[in-house]
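> Here is my input, please return the structure:
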Amino acid sequence: MLQINSQFLLLHFNFILPIIIAIIGIFGNLLVLLTILRSTSLRKLVFTIPPSDISTSYQNYQPFKTWIRVSII
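The predicted structure is shown next:
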């Protein structure tokens, strides 16, 4: 009986815990997006992010920057 109970508990943890974690993650991402859209200081922060020197040049960074500006405002 103990083995059956432990397997049942393991099945519950393997199926239910990832679903709960995914729901929490989705709500967390929505909250972060809402705060970014609402606050003006973070909106200015997005525009002042410099392009990374490793992979993207300024020409590749410019359309992404304008896309962020269009989507936020």
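> Quick one: mean pLDDT over the lengthiest helix in the chain.
If you go by DSSP state H, the chain has its longest helix at helix 2-38. Computed over helix 2-38, the mean pLDDT rounds to 77.
> could you say what helices and strands it packs with?
For helix 2-38, the elements it packs on are helix 40-47, judged by 3 or more Cβ pairs under 8 Å, 6 or more residues apart in numbering; DSSP states H and E. For every residue, glycine as well, the C-beta is placed using N, CA and C.
> Model confidence for Y58, exactly?
Per the predicted model, pLDDT is 48 at Y58.
> quick one, domains of the chain?
For the chain, the structural domains run 1-38, 40-73, going by automatic domain parsing.
> Buried ones in stretch 19-39, by neighbour count?
Neighbour counts over stretch 19-39 (16 or more other Cβ atoms under 10 Å) mark no residue as buried.
> What would it look like as CSV? C-alpha coordinates only.
Extracted C-alpha coordinates of stretch 19-39, given in CSV (Å, rounded to 0.1, in the frame of the first residue of the first chain):
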residue,chain,number,x,y,z
ILE,A,19,0.8,23.4,-14.3
ILE,A,20,0.7,25.6,-11.1
ILE,A,21,4.2,26.9,-11.8
ALA,A,22,3.2,27.7,-15.4
ILE,A,23,0.1,29.6,-14.3
ILE,A,24,2.1,31.6,-11.7
GLY,A,25,4.7,32.4,-14.4
ILE,A,26,2.0,33.6,-16.9
PHE,A,27,0.5,35.9,-14.2
GLY,A,28,3.9,37.2,-13.3
ASN,A,29,4.7,38.0,-16.9
LEU,A,30,1.4,39.8,-17.3
LEU,A,31,2.1,41.8,-14.1
VAL,A,32,5.5,42.8,-15.4
LEU,A,33,4.1,43.8,-18.8
LEU,A,34,1.4,45.9,-17.1
THR,A,35,3.9,47.7,-14.9
ILE,A,36,6.2,48.4,-17.9
LEU,A,37,3.2,49.8,-19.9
ARG,A,38,2.0,51.9,-17.0
SER,A,39,5.2,53.5,-15.7
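> Going forward, the N-terminal residue is numbered 51.
Fine by me, first position is 51 from now on; the one you just mentioned is stretch 69-89.
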